[in-house]
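1. attaching a predicted model along with its sequence, questions to come.
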Amino acid sequence: MKKITLGLCAVLGTLLLTSACTTSQPVYPKQTAAKGQRGADAVQGQRWDFNLPNQEIWKVGYKVQNDTVNNFIWIPSKQNMGTWKQNITDKFITDAAVTGQSPKDIMEQARVSSKGQCDKVDWQTLSESDDQIVYEADTIACGKGGKENQHMVGRIQRGQGGIYSLQYFAVQAILDGHMKQTMLDTVQNAKLVANN
């Protein structure tokens, strides 16, 4: 695994993360709220700075930005949202949308939701403090629409303006000891940095 100091490039109209890009921009797409603009990007004071696996190209496969959430799903460029084998989901939720909830509360909501979508969920907490929680899960037949069994490592942390989460998903078919360690390292070593 290498530390990503890559930039974002527009290639054929798609945002791609490549080693051929400039190194002046962060991995995470910067929020550029205009002064006085409302929405999650106007209050997102931090962003995740994280390592990606040794794959040459990743892209944003899906994104949602509205008044309460910024959510980006990164996938390898040769995959799509219907056929991905791994993805990294990077989410920010404003304080207003999670009033009175801890990172553990947010994780518990995700666990309950997974149990409603998957035939079987094996979920365990790896570490926990007042400000953050790190966890992993194995799911069987999640999505039930032919989606493969998955392994996930996640982290939810309170930061400036709200709750930040980083989740790394991989299908069981590509999972081995090295992949599991890569996933754990990616999530545990991520840092919240100023979003400027």
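-> Looks like it came in fine. Numbers count the residues shown, from 1 in each chain.

2. pLDDT weak spots in the chain?
-> 1-38, 54-56, 143-147 (pLDDT under 70).

3. kindly recompute the last result at 90.
-> Residues of the chain that meet the criterion pLDDT under 90 lie in 1-43, 45, 50-59, 77-79, 82-83, 113-120, 139-149, 172-174, 195-196.

4. strands of that one, start to end?
-> 7-11, 14-18, 46-49, 58-65, 69-76, 86-94, 120-128, 132-140, 150-159, 162-171, 191-194 (DSSP state E).

5. these: which one's closest to Gln181?
-> Gln181 sits nearest to strand 150-159 of all those, at 10.0 Å, using Cβ to Cβ. For glycine as for every other residue, the C-beta is placed from the backbone atoms N, C-alpha and C.

6. just checking, what packs against the closest one?
-> Applying 3 or more Cβ pairs under 8 Å, 6 or more residues apart in numbering; DSSP states H and E, one finds that strand 150-159 contacts helix 103-117, strand 132-140, strand 162-171, helix 177-188.

7. do that again at 10 Å, thanks
-> Judged by 3 or more Cβ pairs under 10 Å, 6 or more residues apart in numbering; DSSP states H and E, the packing partners of strand 150-159 are strand 46-49, strand 86-94, helix 103-117, strand 120-128, strand 132-140, strand 162-171, helix 177-188, strand 191-194.

8. now the longest one and strand 132-140, what's the angle there?
-> The one in question is helix 103-117. Using axes from the mean of the first three to the mean of the last three Cα atoms, to 10 degrees, the inter-axis angle of helix 103-117 relative to strand 132-140 is 10 degrees.

9. picking up where we left off before, out of the helices and strands packed on strand 150-159, which gets nearest to Val64?
-> So among those, strand 86-94 is nearest, using Cβ to Cβ, at 8.9 Å.

10. quick one, what contacts Asn70?
-> 28-29, 31, 39-41, 43-44, 47, 63-64, 90-94, 162, 164, 195 (Cβ atoms under 10 Å, 6 or more residues apart in numbering).
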